[in-house]
Structures are given as structure tokens and as C-alpha cells.
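Give me the fold of what follows.
(one chain, ligands or ions: 1)
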Amino acid sequence: MRVTIIGAGYVGLTTGACLSELGHDVICVDIDKERIARLKAGVFPFREAGLDEIMIRNMACRRLRFSDHLASAVRGRDIVMVAVGTPKGVRGEADLAFVRQAAQSFAPFLSPRTVVTLKSTVAVGTAREVREIIAEERGALDFWVTSNPEFLREGSAVSDFLTPDRIVIGADDRDAGERLIKLYRPLLDRGVPLVETGTADAELIKYAANAFLALKIGFTNDVADLCEVTEGDINSVAKGIGLDPRIGTAFLKPGPGYGGSCFPKDTEAFAWIGRALNAPQPLIEALIARNDYRKRHIAERVLKEIAGISGAQVAVLGAAFKANTDDVRESAALQIVPALQKANVGVKMFDPWASGNAAPLLPSATWAEDPYDAAQGADLLLILTEWEMFRSLDPARLAEALRRPVVFDCRNLFDPEQMALYGFRYVSLGRANVPRERRWRSNPLPNNRQKAASPST
Ligand SMILES: NC(=O)c1ccc[n+]([C@@H]2O[C@H](COP(=O)([O-])OP(=O)(O)OC[C@H]3O[C@@H](n4cnc5c(N)ncnc54)[C@H](O)[C@@H]3O)[C@@H](O)[C@H]2O)c1
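Next up, the predicted model:
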């Protein structure tokens, strides 16, 4: 099929590359002319495992092309897919300006019976609004607007796209839905489940899915806090609850609060939709506040660890919002590092991929060549991103480099008992940070027998 993708960002490029890999003829368009020029020259704007190979292969056989010439890229295509950004608006709503602007700009060039589909994460009712925008421009033109939300994750975007859990196709017209089914036929034939629904449901599915996943993270962080005061272990608790198939083991790891380009803005947009449509989402409202608190609280805990040290230095490992991406949008580092600096703490950072993106946003931080360089002379080592390379750091070398052997690990990469053996004060999340034997001997839980008089439930 002939597909044009409007917006060559994370989602647009991955989608374009993967659709060309499935055999479709794809043109990616972007208003950023420089980006298009670089793409044509084979310079890719971000790092994503496996994406370069697919792009190079499909560019070579011209199944994947890039253009900044909207008219020729949109005329005569079977599908025009919108993958532009939908950032957070001033009241938390999804700012649809890029979507509206894109629709206005390509509407004059749409051929009859084109299916427009919204890949961007958009508020309920946006497909219908886009239909109106195009209809205003083109009057009697026969076309459809559908919704096809994307669930890929940065860091595993290519495999997520090519082996998705499900494909959601939202169409208010049968023929339009059939066109999208044909687009995804190679994946559907491999047994990928299909959810066929109306546009409004498809739009809601994306937000509800992200809100639910974010809730799992927020809940796990709160349970981790409880584990810390009960000298428990969040890993055991998460395993114990996650093996229940109704819950599942994914997203049950504690951390410094969720970030990234999706969860923060999508939870806010979901809450906003609830408020706007008078169907409040109090769980999500609480989650948003709690996640923000989480990041502030981690910074407070770090400051407590180094209280009283004049000219304190902290080594921060990880600027990306998660491992295997160079994306720093709403990452924990962007909130925690400035909080430390505000308290006059010097920060030296390292991230294997994301330093280039983070450096302009954290101008007062200095950047290290490697994790040991970052740790050199620091009073505390703070781990914010779960990069695999951090897990294999040599504790002996770290201990040697640090001025004080204190590690605050927000990703639980090390074994507390091992770290204690190396002489570290090791703080991790949701774990007692004391040897298991000692934990079993001193049970800090309230004595239930003493409370026998209280009503049981
Ligand atoms: N990043 C993710 O992991 C992810 C996952 C699922 C869904 N989404 C959703 O997909 C959408 C895109 O996200 P992203 O991360 O790819 O954004 P992005 O910022 O990386 O890319 C958006 C691109 O659209 C371009 N653009 C904006 N207006 C345009 C126009 N009128 N014409 C042509 N190009 C235009 C921008 O120049 C930019 O290159 C968002 O709605 C996001 O919520 C993102």
C-alpha cells in the first residue's frame, strides 16, 4: 500500500520504517526541513535498537523515502498517517495544535478515498474534529478519518511495532477499517490480536492503557515505601503479587517516578478529559501528584544523605528517562539534578546515550567520560537510569573513586548484602538494605496479638 506519514519523529519514523519493512511504499514527511535533509543523507535523529538497519535496507530499495514536499507526498496515497507531537497543554490537556495544523496543511492535496489515520495520541473526539477540518477545506471530497493508536516503547520500538500485543483500529466506517486491516495484514496473519472499534474508543484505549500502566508504577513505588519501613523487599512482594495473572509482573519495579514523552503528559491529558467531560478520574489525579512528589522526595532523601558536607558533590548516573534510549523528556534527572544544585550540591553526570540531549537542559552539571570518572571524588553516587552497563560496574573501583562510599540506587541494580561487604552505605528503593538474616530476627511489624481487641475484617 502507498502510505504517507506526517511527522518523522520517534513514532513516525519507526512506523514508517517498519511499514516499509512489511512491504509497503512509505514516504515520511516533516515540517523540519533539516531533519528531512539529514534523513535523506542517512543521518538518523535518535538512537533506537534495530531501526538504522531497517531504514538503510528499505531506503536502498526506495520503499522508504523522505520528503518535505507535502503536495507530492500526499497525492494519490492510500493512507495518510498523522504522527505529529501532542504535547502537554497549559491545563494538562493534549495540545492538538500540531494535529490541526497538519490536517489543514495536507487537506488541499488529499486524493479521493484516502484514509487519514491518527497515530498520535489524541483526545477523544479528535478524529471527528480532523474530519471537520478537512471537510471544511475540501467540501465534497470522499475521504475517511480513523484512529490507530501506537503502543510502541522507546528502547524496543522496532520489536514492539513488528510484534505488538495488539493492533487497535478505530474506524467509524467499515471500508476505512478494512483499509487499515489490509495495511497490518502481514502482522495479523502472524496472529497479532486485532481490536476493531470506533474512533472514540480507540482514542480512549490509548490513554486508558497508559494511565493504567502509570498507576502500576505509582502503586509499586508506594508499596516500596512500605517495604522500606517494614524491612521488607519489594522484589519479593512484586513477584508475589505479579504472578497473579490478573495483575502481571510488568511495571512492578520501584523507581524515581515515571517520566518520558508519554506517561506524564498522557496521564495529565486523561485526567483533563475526565474533568472536561464531567467524568472525573480521581485515581489518576492522585497518581500525577504522587509521581511529582516521588521525584522531589528522592532529591530530599539524597540531600539528607549528604547533609552537613560543605561543597558536597554528587555523581549522577543516568539522564535518560529509561534505559536504551537517548530521550530525556520528563526524565527524573531533569527534576532531581536541579533540586540538588539548588541546595549548592555540585553534580557530575554520565549517561551512555543521553548526555547530548540532557546537557543543554542541565547547563550547570558537568559531564563525565564514564561512570568511574563521574564518581571520582563524589560524596554520593546516585543511580537514576537502569542502564545495563551500570549493573556491571565494579563496586571496588567505585569505592576507590568515591570520597564517601555512599550509593543511592533508584533502580535496585545491586545486591545490598554485596554492597555492604564492599563497605558501602547502600540505599536502594523498597529494600531493607540490611542482611536478610538480621531482617528475619527483628520483625518491626506491629504485634497483632497486642491488638486483639481491634475489630478484624
Ligand atoms: N514516543 C513514544 O514512545 C510514543 C509512543 C506511542 C505514542 N506516541 C505518540 O505519538 C505522537 C508523536 O510522538 P513522538 O514521540 O514521535 O513525537 P516527536 O516530537 O518525536 O515527533 C513529532 C514530529 O512531528 C513533526 N511535525 C510537527 N508538526 C508537523 C506538521 N504539521 N507536518 C509534518 N511534521 C510535523 C515534528 O517536526 C517532529 O519531527 C504523540 O502523540 C505521542 O504521544 C509516542
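
so what's the residue of the stretch 351-457 of the chain found nearest the ligand up against?
Using C-beta to the nearest ligand atom, the closest approach of the stretch 351-457 of the chain to the ligand is made by Asn357 at 11.7 Å. C-beta: built from backbone N, CA, C; applies to glycine. Contacts for Asn357 (C-beta atoms under 8 Å, 6 or more residues apart in numbering) come out as Ala319, Asp326, Asp327, Val328.

Need the contact partners of the helix or strand encompassing Thr146.
In this assignment (DSSP states H and E), Thr146 forms part of strand 143-147. With C-beta under 8 Å, 6+ apart as the test, strand 143-147 has contacts from 110, 112-118, 122, 126-128, 130-131, 134, 168-173, 175-177, 179-180, 199, 202-203.

Next, see if it gets close to the ligand.
No. Applying C-beta under 6 Å from any ligand atom, one finds strand 143-147 out of contact with the ligand, separated by at least 11.7 Å.

re earlier: looking at the contacts of Asn357, which is nearest the ligand?
Nearest to the ligand among those is Asp327, at 7.3 Å by C-beta to the nearest ligand atom.

Helix, strand, or coil at the closest one?
Secondary structure, DSSP: H, G, I helix; E, B strand; the rest coil: Asp327 is coil.

May I have the phi/psi pair for it?
Backbone torsions for Asp327, taken as degrees, to the nearest 10, come to phi -80, psi 130.

Can you name the residues that contact it?
Under the criterion of C-beta under 8 Å, 6+ apart, the contact list for Asp327 reads Tyr10, Phe46, Glu154, Gly260, Ser261, Ala320, Phe321, Ala354, Asn357.

burial measure for Val43, as a count.
Here the number of neighbours of Val43 (other C-beta atoms under 10 Å) works out to 9.

does it sit in a helix, a strand or a coil?
The three-state label given to Val43 by three-state DSSP is coil.

So for it, what's the pLDDT?
The per-residue pLDDT reported for Val43 equals 93.

where does it fall, phi/psi-wise?
Per-residue torsions, Val43: phi -100, psi 120 (degrees, to the nearest 10).

Now do the strands for the stretch 351-457 of the chain: every range, in order, please.
Taking DSSP state E, counting those that start in this stretch, the strands of the stretch 351-457 of the chain run over residues 366-367, 380-383, 406-409, 425-428.

Most tightly packed of the ones you listed?
The highest mean neighbour count among the strands of the stretch 351-457 of the chain, using mean count of other C-beta atoms under 10 Å, belongs to strand 380-383: a mean of 26.

What is the most widely separated pair among the contacts of Asn357?
Ala319 and Asp327 (9.9 Å; C-beta to C-beta).

Which residues are in contact with each of those two?
Residues touching both Ala319 and Asp327 (C-beta under 8 Å, 6+ apart): Ala354, Asn357.

how about TSV for the strands of the stretch 351-457 of the chain, with mean pLDDT and distance to the ligand added?
Shown next, in TSV, are the strands of the stretch 351-457 of the chain (pLDDT from 0 to 100; distance: least, C-beta to the nearest ligand atom, whole Å):
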stretch	mean pLDDT	distance to the ligand
strand 366-367	98	24
strand 380-383	98	23
strand 406-409	98	26
strand 425-428	97	27
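
Can you check which of those gets nearest to Arg190?
strand 380-383 (38.2 Å).

Listing partners with orientation, what would you give for the closest one?
strand 313-317 (parallel), strand 406-409 (parallel) (DSSP bridges).

Format the CA atom coordinates belonging to the next helix or strand after the first one as PDB.
Read in the C-terminal direction, the helix or strand following strand 313-317 is helix 332-342, with elements assigned using DSSP H and E. Coordinates of each C-alpha in helix 332-342 appear next as PDB, following Å, rounded to 0.1, in the frame of the first residue of the first chain:
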ATOM      1  CA  ALA A 332      13.800  12.000  36.700                       C
ATOM      2  CA  ALA A 333      17.300  13.600  36.200                       C
ATOM      3  CA  LEU A 334      15.700  16.800  34.900                       C
ATOM      4  CA  GLN A 335      13.800  17.300  38.200                       C
ATOM      5  CA  ILE A 336      16.300  15.800  40.700                       C
ATOM      6  CA  VAL A 337      19.500  17.300  39.400                       C
ATOM      7  CA  PRO A 338      18.300  21.000  39.600                       C
ATOM      8  CA  ALA A 339      16.900  20.300  43.100                       C
ATOM      9  CA  LEU A 340      20.400  19.100  44.200                       C
ATOM     10  CA  GLN A 341      22.000  22.100  42.600                       C
ATOM     11  CA  LYS A 342      19.600  24.500  44.200                       C
END
